[in-house]
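1. Sequence first, predicted coordinates after that:
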Amino acid sequence: MAKGDIVVGLDIGTTKICTVIGEVVEGASGRVDVLGVGVSPSHGIRRGVVVDIDSTVRAIGDSIQKAQRMAGAEVHSVIVGVTGEHIASLNSRGVIAITHANREVTQEDVDRVLENSRVIVLPPDRRIIHSIPRGYSIDGQNGIRSPVGMSGTRLEVETHIVTGAETFLQNVAKCVERANLQVEDTVLEPIATGESVVMDAEKDLGVALVDIGGGTSDLAIFINGEICYTAVLPVGGEYVTKDVAAGLRTTLEESERVKREFGGCMVETLPEEGTFTFSRLGATEPTTLPTRVLGEIIGPRMNELFQMVRQEINRSGYAGLLPAGLVLSGGGAMVRDARELATSVTGMPSRIGYPTGVGGLSESVGSPSYATAVGLVQFGGKAHAGIPRRESSGGLFAAVRRWMRTVFERVGG
């Protein structure tokens, strides 16, 4: 790896397309300096699914161009984040026998047991996006993170497998390719977001990440340093904006503005005498209302979201294993009192997660709304630096590893 390796994260969201261009810092264990950022409104995505290819392609191209101008670098390939209600996950186990004379576990054995864990029954219209090892065991001894070099006769692995609908994933890839870019890797968005906003200590202790996007919200649970549960919830910040627009009878643009400037999740914390002014549809003069009206509109929808989070965590079976609580991220997390409402509804300590761990123009990506794009760049930075990563199917790095393994096996044979 030489200094100057460029990695690009492309977050294709319901409300915006965000591109972050980074440079891998030489000798810094995959650390990335941010060189450029580009954001463009998104009109061709609904709940993580492409509904208008041409509109999405234009938005991707516009976002890429803005980031390129800031970075002074040309982009050819991107790491794409994916989400949506079509995403599903499950845990699987793989088992193999160690047959070497010395019974020592090799990297080939690890690759073989991981491949064994991926042998699951899937409908033909679904594809494995990630196969993430949660932990290994040798001869019944659990809790092993790196089994290479250890001795035993039976190697097992528990793997978290994330799948997506083949047609939806193909449509995302088609949009990227029509924008004259190559898909370097495909990464589940909560995994990427976790790279940038969740601390390693929290992952070790047990934490739930809630990334509140525009059309959907992503939930990821980390325990003992590894991701063990993922889910996509069908409510996001766009729903709040639409509620405000309907309640005030105004445009989506105006409702988004007043939501950000004056809105809040809890009526009791908004100023009693506070007011806000907006343009109502069909009215010739601006309208002024008490600020607490916004709390009465926003609060129920955000409450619904956090109720879903609590129910999904209970469904996961990990509810009592998350002492680090919740980390909230995404643009929807910036609504006033979101953290306090999350704690009230779920009964778990909560904090807002801001992107960290990058250099360069880090202040340009300091908001939670950039968390996914920053995480995609960090994911790619570690891969470019040769740091072992969780396996990602369909991506360039996974394909190269599989190709090299085949070549070496042929040469050895």
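-> All right, it came through fine. Numbers count the residues shown, from 1 in each chain.

2. by contact count, what packs against the helix or strand that contains residue 79?
-> Of the helices and strands defined by DSSP states H and E, residue 79 is found in strand 77-82. Counting contacts by 3 or more C-beta pairs under 8 Å, 6 or more residues apart in numbering; DSSP states H and E, strand 77-82 packs against strand 6-12, helix 166-178, strand 182-188, helix 189-197, helix 371-384. Glycine gets a C-beta too; all of them are placed from N, C-alpha and C.

3. just checking, residue 337 touches residue 266?
-> Yes: using C-beta atoms under 8 Å, residue 337 makes contact with residue 266 at a distance of 4.5 Å.

4. With neighbour numbers in mind, choose between the two.
-> With neighbours defined as other C-beta atoms under 10 Å, residue 337 and residue 266 compare such that residue 337 has more, 20 against 17.

5. what's near enough to touch that one?
-> Residues near residue 337 by C-beta atoms under 8 Å, 6 or more residues apart in numbering: 264-266, 269.

6. rewinding a little: mean neighbour count added to the helices and strands packed on strand 77-82, as JSON lines?
-> Shown next, in JSON lines, are the helices and strands packed on strand 77-82 (neighbours: other C-beta atoms under 10 Å):
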{"stretch": "strand 6-12", "mean neighbour count": "28"}
{"stretch": "helix 166-178", "mean neighbour count": "18"}
{"stretch": "strand 182-188", "mean neighbour count": "22"}
{"stretch": "helix 189-197", "mean neighbour count": "28"}
{"stretch": "helix 371-384", "mean neighbour count": "28"}
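
7. who wins for proximity to residue 33 among these?
-> Closest to residue 33 of the helices and strands packed on strand 77-82 is helix 371-384 (C-beta to C-beta; 9.4 Å).

8. And the average pLDDT for that closest one is what?
-> Average pLDDT, helix 371-384: 91.

9. Could you do stretch 252-266 as well?
-> Mean pLDDT, stretch 252-266: 94.

10. Dump that stretch to PDB, restricted to CA.
-> Taking Å, rounded to 0.1, in the frame of the first residue of the first chain, the C-alpha atoms of stretch 252-266 are listed here in PDB:
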ATOM      1  CA  LEU A 252     -42.100  19.200   2.400                       C
ATOM      2  CA  GLU A 253     -39.200  21.700   2.100                       C
ATOM      3  CA  GLU A 254     -40.900  24.100   4.500                       C
ATOM      4  CA  SER A 255     -41.800  21.300   7.000                       C
ATOM      5  CA  GLU A 256     -38.200  20.100   6.900                       C
ATOM      6  CA  ARG A 257     -37.000  23.600   7.700                       C
ATOM      7  CA  VAL A 258     -39.300  24.100  10.700                       C
ATOM      8  CA  LYS A 259     -38.700  20.600  12.000                       C
ATOM      9  CA  ARG A 260     -34.900  21.300  12.100                       C
ATOM     10  CA  GLU A 261     -35.100  24.800  13.400                       C
ATOM     11  CA  PHE A 262     -38.000  24.600  15.900                       C
ATOM     12  CA  GLY A 263     -39.100  21.000  16.300                       C
ATOM     13  CA  GLY A 264     -38.700  18.700  19.200                       C
ATOM     14  CA  CYS A 265     -39.700  15.200  20.300                       C
ATOM     15  CA  MET A 266     -41.100  16.200  23.800                       C
END
